[in-house]
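Colleague: Let me see the structure of the following:
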Amino acid sequence: MQTIPVDVARLGSLMVVVPPEPRVNPETGEIRKDRDGNDVYVVGVSVRQRQNRRADVIEVAVPGEPAGLTEGMRVHVNDLVAVSWEIGDRHGTSFRASGVVPAGPVAAPAPSGGSSSRGKSAGGDQ
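Modeller: The predicted model follows:
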């Protein structure tokens, strides 16, 4: 399992599309806990790269229940990491963060210059 930090500044806009819900163990029905004993919640976040029409939805696992998040709200994702995983013949990428919090007011976009840079986003099986 490899953990890779994600530069959220390169992602563009982040918006909640699925409000927080607890990650539940399907076998026991109990809310999963992280290593520190905190309940784990999952937030579905739409990620759109700057200057690109394509958007992806990623599920971000966070410790504890995030407060004040509603569908359609712009957010900041703190300390986002991508975690590659493999179980038997299944593999994918999951995402973890220390928190997902409401973003402040949206600023007017800066005028675009002659150069543009594009980043890559990760996606995968959850």
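Colleague: what pLDDT does the residue nearest the centre of the chain get?
Modeller: Against the mean C-alpha coordinate of the chain, by CA atoms, centre = their mean, the closest residue is V60 at 3.8 Å. V60 is assigned a pLDDT of 96 by the prediction.
Colleague: So what sits opposite it in the bridge?
Modeller: Using DSSP bridges, the bridge partners assigned to V60 are V43, F95.
Colleague: Would you mind measuring from it to D89?
Modeller: Using CB to CB, to the nearest Å, V60 is found at 26 Å from D89. No exception for glycine: its C-beta is placed from N, CA and C like everyone else's.
Colleague: And for V42, the neighbour number?
Modeller: Around V42 there are 22 other residues, counting by other CB atoms under 10 Å.
Colleague: which residues in the protein form helices?
Modeller: In the chain, no helices are found when defined by DSSP state H.
Colleague: Name whatever forms a beta bridge with A82.
Modeller: I4, F95.
Colleague: distance between the ends of stretch 91-101?
Modeller: 29 Å (CA to CA, to the nearest Å).
Colleague: Pull out the buried residues from that stretch.
Modeller: Residues of stretch 91-101 classed as buried: 93-97, 99-101 (neighbour count, 16 or more other CB atoms under 10 Å).
Colleague: just those residues now: which is nearest T28?
Modeller: Distance to T28 across the buried residues of stretch 91-101 (CB to CB) is lowest for S94, with 20.0 Å.
Colleague: What does the pLDDT read for that closest one?
Modeller: If you check S94, the pLDDT there is 93.
Colleague: since we're on the closest residue to L69 other than its chain neighbours, how many residues are nearby?
Modeller: Distances taken as CB to CB, 6 or more residues apart in numbering place V16 nearest to L69, at 5.3 Å, with adjacent residues excluded. Using other CB under 10 Å, V16 has 22 neighbouring residues.
Colleague: OK, contacts around V16?
Modeller: 43-46, 69-75, 100 (CB atoms under 8 Å, 6 or more residues apart in numbering).
Colleague: Give me the buried subset of the residues you listed.
Modeller: Using 16+ other CB under 10 Å as the burial test, the contacts of V16 include 43-46, 69, 73, 75, 100 as buried.
Colleague: mind exporting the worst-scoring helix or strand of the chain on mean pLDDT as CSV, just the C-alpha atoms?
Modeller: In the chain, no helix or strand scores lower on mean pLDDT, DSSP states H and E than strand 2-5, which sits at a mean of 83. Only the C-alpha atoms of strand 2-5 are listed here, as CSV (Å, rounded to 0.1, in the frame of the first residue of the first chain):
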residue,chain,number,x,y,z
GLN,A,2,1.4,3.3,-1.1
THR,A,3,0.3,6.7,0.2
ILE,A,4,0.8,9.8,-2.1
PRO,A,5,0.2,13.4,-1.0
